[in-house]
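3D model of this:
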Amino acid sequence: MYAEGPDEAAVSSWVSAVQALRYKDFQCTRKPAVSPVQASSWTKNGGFEEVTSVAEFGERMEQRGLGCWWKIGMGYEASN
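Modelled structure (predicted):
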């Protein structure tokens, strides 16, 4: 899962709500943080968007300018 919000507090609140659901395999790989995002338009369907593969999700992160952030969070690259 990935979340965007107007500020860090809003995203942290969303993460807390998801953690409270107690998904069996839920892991918060990256702490909520402020990061500029390149977005051409808002997502459809009330802000929810589903992808069919990790590769497709990675492409979406690249499009938003978050490719490096995502690769570090997934363990594909080392953080500096």
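
C-alpha only now, for contacts and for neighbours.
OK.

just how off-centre is the longest helix anywhere in the chain within its chain?
Ranked by number of residues, the top helix in the chain under DSSP state H is helix 8-20. Distance, stretch centre to chain centre, for helix 8-20: 12 Å (CA atoms, centre = their mean, to the nearest Å).

so after that helix, what's the next helix or strand?
helix 54-63 (DSSP states H and E).

Show me what counts as buried in that next one.
Of the residues in helix 54-63, Phe57, Gly58, Met61, Glu62 count as buried by neighbour count, 16 or more other CA atoms under 10 Å.

distance between the ends of stretch 71-80?
With CA to CA, to the nearest Å as the measure, the first residue of stretch 71-80 is 12 Å from its last.

And the average pLDDT for that stretch is what?
In this model, stretch 71-80 has an average pLDDT of 84.

for stretch 7-20, same thing?
Throughout stretch 7-20, pLDDT has a mean value of 83.

going forward can the numbers begin at 589, since that is how I track them
Okay, residue one is now 589; in that scheme the one you just asked about reads as stretch 595-608.

in that stretch, what's buried?
Applying a neighbour-count criterion of 16+ other CA under 10 Å, one finds Val599, Ser600, Trp602, Val603 buried in stretch 595-608.

Kindly report the same for stretch 652-661.
Neighbour-count burial for stretch 652-661, with 16+ other CA under 10 Å as criterion, is recorded at Gly653, Leu654, Gly655, Cys656, Trp658, Lys659, Gly661.

closest to Tyr590 among those residues?
Closest approach to Tyr590 among the buried residues of stretch 652-661 (CA to CA): Trp658, at 9.8 Å.

For the closest one, list the residues it contacts.
Trp658 is in contact with Gly646, Met649, counting by CA atoms under 8 Å, 6 or more residues apart in numbering.

can you put the buried residues of helix 642-651 in TSV and add distance to Tyr590 and pLDDT?
Below are the buried residues of helix 642-651 laid out as TSV (distance: CA to CA, whole Å; pLDDT from 0 to 100):
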residue	distance to Tyr590	pLDDT
Phe645	9	88
Gly646	11	90
Met649	9	87
Glu650	13	90
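
Brilliant, that's me finished.
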